[in-house]
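> Provided below for reference: sequence and predicted model.
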Amino acid sequence: DAGITQSPRHKVTETGTPVTLRCHQTENHRYMYWYRQDPGHGLRLIHYSYGVKDTDKGEVSDGYSVSRSKTEDFLLTLESATSSQTSVYFCAISEPSTGPNEKLFFGSGTQLSVL
Amino acid sequence: GESVGLHLPTLSVQEGDNSIINCAYSNSASDYFIWYKQESGKGPQFIIDIRSNMDKRQGQRVTVLLNKTVKHLSLQIAATQPGDSAVYFCAENVPGTYKYIFGTGTRLKVLA
């Protein structure tokens, strides 16, 4: 988890409210990712970023938006939280200097509960 | 988080024995693979990686084997210790992209 900080670590919110999760890295890696982890599923990609202001959708992007205004910060916003978005959210980073095949490192996660 | 992996396959091994954890990957064109360890309440921790031009790669107490013919990956842990108890899962790089597909994982329990 070195070099990657996720905040908050735990969040409880109500259905219909907006929620923003933050990922901060000190590694100066170009790529940043948001995943969610749920029982019975492998980690699933929500959105990723390949540079400042450059983002793209993952496989489960509905209901989520992201922003990256600085290399070190990647924000995930749940525009109107639903109970199906109760999950553990992980941020990851990579630096594919020579191609896509580079190590992916994860933060400690945010446990989000939507009531 | 604590709820992840409630119904995962479990491998129980005696302390000091070797462990073998298996993973079947989905895409025959995948050319890069990673093994992760995840302890309860923590993020996935990188263990070892392997590229498709290799069949085997060794790290400290761990070895990854890649069998491209049957799309199979395995992680071998030598002299398993109590600290090795965790969920282990593999990831494959989606060819030509910066995306990864993750397995659901195997829970390793080390018996004293």
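In hand now; what should we look at? What you are looking at is a predicted structure, and each value in this text was computed from that prediction instead of being measured. Residues are numbered from 1 along each chain as shown, chains lettered A, B, ... in the order given.

> Quick one: name the residues of chain B near chain A.
B:1, B:3-7, B:31-32, B:34, B:36, B:42-46, B:49, B:51, B:89, B:91, B:93, B:95-105 (Cβ under 8 Å from any Cβ of the partner chain). For every residue, glycine as well, the C-beta is placed using N, CA and C.

> Using CSV, list the CA coordinates for stretch B:8-27.
The C-alpha coordinates for stretch B:8-27 follow below in CSV (Å, rounded to 0.1, in the frame of the first residue of the first chain):
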residue,chain,number,x,y,z
LEU,B,8,-14.3,-19.0,-1.7
PRO,B,9,-12.6,-22.3,-2.2
THR,B,10,-10.3,-23.0,0.7
LEU,B,11,-7.0,-24.7,0.8
SER,B,12,-5.8,-25.9,4.3
VAL,B,13,-2.2,-26.8,4.7
GLN,B,14,0.0,-27.7,7.6
GLU,B,15,2.6,-25.2,8.7
GLY,B,16,5.8,-26.0,7.0
ASP,B,17,4.3,-27.8,4.1
ASN,B,18,4.2,-26.5,0.5
SER,B,19,1.0,-24.9,-0.9
ILE,B,20,-0.2,-24.9,-4.5
ILE,B,21,-2.9,-22.5,-5.5
ASN,B,22,-4.3,-22.7,-9.0
CYS,B,23,-5.9,-20.3,-11.4
ALA,B,24,-7.5,-20.8,-14.8
TYR,B,25,-7.4,-17.7,-17.0
SER,B,26,-9.8,-16.8,-19.7
ASN,B,27,-8.0,-15.4,-22.7
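
> Provide the count of other residues in contact range of the residue lying closest to B:Lys68 once chain neighbours are set aside.
With sequence-adjacent residues excluded and distances taken as Cβ to Cβ, 6 or more residues apart in numbering or on different chains, B:Lys68 is closest to B:Ser52, at 6.3 Å. B:Ser52 sits with 17 neighbouring residues when counted by other Cβ atoms under 10 Å in any protein chain shown.
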